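Novice: The sequence and its predicted three-dimensional model are supplied below.
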Amino acid sequence: MATENEMAVRRFYEALATGDTALVDEALAPDWEAVPALRSGGGPDGWKKSIDHLRGVFSGLTVVIEHIVESGDLVAVRSVGRGVHTGELLGVEGTGREVELRASDFHQVAGGRIVRTWHLEDYFGIAHQIGLEFTRGA
């Protein structure tokens, strides 16, 4: 049976998977902090904007929690999102390619809501999938 902390974290990903941003207010504390900070702004409103942006960039976006581990007030998640790259990302217009977005997150939970999230995403993998080329400097 899922704990209160795990349920808050699952709502965080469900909001991204479904686009139901009402879930964000159930999952996040009003002063939620993302580390690193989101380019879309802070707090729950910043996450809602990020959800809208990502769902616009990747049509048919799905999100699967592959692993979830809880220790005290921390919940660690390894997730993968999949969608078709249809909007601009990293300066690349939509390619129509199926893309995987792999991420690892640590969520700190207090009072049944996430208060802080440390996020690490495989941007290099995403960039490669949408056709960005990287070369070694001389």
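Specialist: Now that the structure is in, tell me what you want to look at. Numbering: from 1, shown residues only.
Novice: for the chain, what spans make up the strands?
Specialist: In the chain, strands defined by DSSP state E lie at 28-35, 58-71, 74-85, 98-110, 113-121, listed in chain order.
Novice: Any chance of these in JSON lines with distance to Ala2, mean pLDDT and mean neighbour count as columns?
Specialist: No exception for glycine: its C-beta is placed from N, CA and C like everyone else's. As requested, the strands of the chain are arranged in JSON lines below (distance: least, CB to CB, whole Å; pLDDT from 0 to 100; neighbours: other CB atoms under 10 Å):
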{"stretch": "strand 28-35", "distance to Ala2": "17", "mean pLDDT": "97", "mean neighbour count": "17"}
{"stretch": "strand 58-71", "distance to Ala2": "9", "mean pLDDT": "97", "mean neighbour count": "14"}
{"stretch": "strand 74-85", "distance to Ala2": "10", "mean pLDDT": "98", "mean neighbour count": "18"}
{"stretch": "strand 98-110", "distance to Ala2": "12", "mean pLDDT": "97", "mean neighbour count": "18"}
{"stretch": "strand 113-121", "distance to Ala2": "14", "mean pLDDT": "97", "mean neighbour count": "18"}
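Novice: which stretch among these comes nearest Ile130?
Specialist: Smallest distance to Ile130 across the strands of the chain (CB to CB): 5.4 Å, for strand 74-85.
Novice: same for the closest one, what does it pack against?
Specialist: In this structure, strand 74-85 makes packing contacts with helix 4-18, helix 43-57, strand 58-71, strand 98-110, judged by 3 or more CB pairs under 8 Å, 6 or more residues apart in numbering; DSSP states H and E.
Novice: Tell me which of these approaches Leu28 most closely.
Specialist: Closest among these, once you apply CB to CB, is helix 43-57, at 4.5 Å.
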